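Asker: model this:
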Amino acid sequence: MENYNWKKAFAEFKKLKTPEEIWQPETMDLYNNTWEILLSERKSGKTTQLLLFGLVCFKLFGIRVEYIRQTEEMVAPKYTQDLYALINQLGYVNKIFPDFNTVVYKAKRWYLANIDEDGNTVQQSGNPVCVMNSLDHALDLKSSYVSLNGDLILFDEFLGRRYTRDEFVLLCHMIDTIRRFRLKTRVFLAANTISPYSTYFEEMGIKNEILKLKRGQTIHKVTPLGLPMQIQWIDTTIKASEKRRVGNNLFYGFGNSKLTSVVGGEGWDIANYPHLYEYTEDSKCLFRDIYFKLYDIYKCAEVRHDKRFGYFLYIRPYTSVPDDDTYIFTCEQPTKANEHFYQTPTNKLERFVMNCFRDKKVLYATNDDGRFIDEILTKLKKELYKI
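Answerer: Below is the predicted model of the structure:
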């Protein structure tokens with residue numbers, strides 16, 4: 001595997017003395033991995049630190065950051081104008097480049113610049129330190145875009161709430177367009193811990209690793225074809241200052257699981273879903289041989305009745321493989337006779353299940369169960385049945 005002198009880059013970065021309580025690039029193993037998957041709660045500093053690391057690499061090796069988001073709108077100036085704001089504010093640019101004191105934006109590109117006291121640009125670098133593009137333009141750029149030194153590819157916030165068709169394929173097209181035939185390129189995927197059921201993890205063949213991943217854990221994996229990657233669930237809470245902990249308690253101390261990525265926590269940042277105890281008092285299970293399947297994971301769907309709430313579905317965990325005489329809904333290609341592609345209803349049972357989603361008659365044992373089902377419905381892109 002071809003490499004830049006990453007050890008030197010990490011050493012130069014360390015001289016900047018960024019706060020210890022945020023994520024540090026030296027935790028990456030760039031010598032042995034071409035892909036780095038970085039997951040964390042918000043405010044871990046991963047995006048800013050990667051951009052700052054990109055400036056160090058620009059100085060040492062002349063390589064730039066290729067910053068990617070899902071859509072063109074996401075790289076519009078109104079959303080990205082502050083991308084380097086903190087780096088500029090804290091004076092890091094001048095510490096790395098004595099002749100420059102800021103990074104400025106111009107037409108999807110970021111340049112080193114020297115701004116005088118009156119706000120005038122005295123000097124600007126000829127080459128950009130960062131270029132921004134979006135996946136929805138990946139195929140348009142394939143034959144025309146040239147990036148001879150774009151060896152740090154950062155796909156930021158890759159765990160979006162929506163996954164467009166073949167989005168991972170578009171990402172690989174984009175990487176291929178940027179990288180061409182260079183072997184020193186490194187790919188960084190950064191996101192908040194939104195969903196462990198993202199299609200990206202399935203497409204990359206790491207869904208099992210992600211489902212087992214714990215906070216603060218780092219996993220190394222080599223795919224069957226030889227792609228080496230490192231997956232980090234960044235844990236900055238250990239080093240978090242007492243001031244931040246106090247602030248979390250004073251401003252976000254609601255005990256709400258949806259705030260996990262804001263304040264930090266053991267689990268994923270999963271929304272709150274309606275639970276059984278919130279809507280029913282004495283419901284009875286009428287039928288329980290219905291299941292939902294995704295990534296070889298199953299959830300049991302019980303048909304229940306309550307005097308106040310009526311007939312509804314109750315989704316709960318299930319740790320075994322259902323029997324052959326059960327009814328399994330899936331958004332994947334069915335592999336057994338009792339598995340059914342969850343889309344257009346063909347019988348009374350399927351119509352009942354879909355009507356439950358339509359009428360919001362679905363309750364959950366845990367929020368993870370709700371996120372699991374939501375992921376299935378999102379993959380099917382059936383707006384009518386979204387929770």
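Asker: excluding its backbone neighbours, what's nearest residue 125?
Answerer: Once flanking residues are discounted, residue 125 sits nearest to residue 112: 3.9 Å by C-beta to C-beta, 6 or more residues apart in numbering. To be clear about C-beta, it is placed using only N, CA and C from the backbone, and glycine gets the same treatment.
Asker: give the pairing partners of whichever helix or strand the one you found is part of; include direction for each.
Answerer: According to DSSP states H and E, residue 112 maps onto strand 109-115. Paired neighbours of strand 109-115 in the sheet (DSSP bridges): strand 102-106 (antiparallel), strand 121-124 (antiparallel), strand 130-134 (antiparallel).
Asker: now what about it, what contacts it?
Answerer: Applying C-beta atoms under 8 Å, 6 or more residues apart in numbering, the set of residues contacting strand 109-115 from outside is 83-84, 93, 97, 99-104, 121-125, 127-132.
Asker: how about the residue of the chain most remote from its centre, phi and psi?
Answerer: For the chain, the residue at maximal distance from the C-alpha centroid (C-alpha atoms, centre = their mean) is residue 307, at 41.6 Å. The phi/psi pair for residue 307 (degrees, to the nearest 10) reads phi -60, psi -40.
Asker: and it, how far from residue 359?
Answerer: Shown here: residue 307 relative to residue 359, a distance of 17 Å by C-beta to C-beta, to the nearest Å.
Asker: what about residue 188, which SS state?
Answerer: Following DSSP: H, G, I helix; E, B strand; the rest coil, residue 188 is assigned to strand.
Asker: correct me, but it touches residue 151?
Answerer: No - look at residue 188 against residue 151 with C-beta atoms under 8 Å: they stay out of range, at 11.2 Å.
Asker: show me the contacts for the spatially closest residue to residue 91 that is not a sequence neighbour.
Answerer: Nearest non-adjacent residue to residue 91, counting by C-beta to C-beta, 6+ apart: residue 101, 7.6 Å away. Going by C-beta under 8 Å, 6+ apart, residue 101 touches 91, 93-94, 113-115.
Asker: show me where the stretch 1-150 of the chain dips below the pLDDT cut-off.
Answerer: Regions of the stretch 1-150 of the chain meeting the criterion pLDDT under 70 are absent.
Asker: now do the helices in it.
Answerer: 6-14, 46-61, 77-80, 85-89, 92-96, 138-141 (DSSP state H, counting those that start in this stretch).
Asker: so which of these is the most surrounded?
Answerer: helix 46-61 (a mean of 22; mean count of other C-beta atoms under 10 Å).
Asker: now the strand holding residue 112 against helix 46-61, angle please.
Answerer: 70 degrees (axes from the mean of the first three to the mean of the last three C-alpha atoms, to 10 degrees).
Asker: spatially central residue for the chain, please.
Answerer: Nearest to the mean C-alpha position of the chain, counting by C-alpha atoms, centre = their mean, stands residue 159 at 2.8 Å.
Asker: so that residue: helix, strand or coil?
Answerer: Applying three-state DSSP: residue 159 is coil.
Asker: okay, the nearest residue to it once chain neighbours are set aside and residue 50: tell me how far apart.
Answerer: Of all residues not flanking residue 159 in the chain, residue 191 sits nearest, at 3.8 Å (C-beta to C-beta, 6+ apart). From residue 191 across to residue 50, the span is 12 Å (C-beta to C-beta).
Asker: ok, residue 200 next?
Answerer: Distance, residue 200 to residue 50, using C-beta to C-beta: 18 Å.
Asker: list the contacts for the residue nearest to residue 159?
Answerer: Residue 191 neighbours (C-beta under 8 Å, 6+ apart): 38-39, 156-159.
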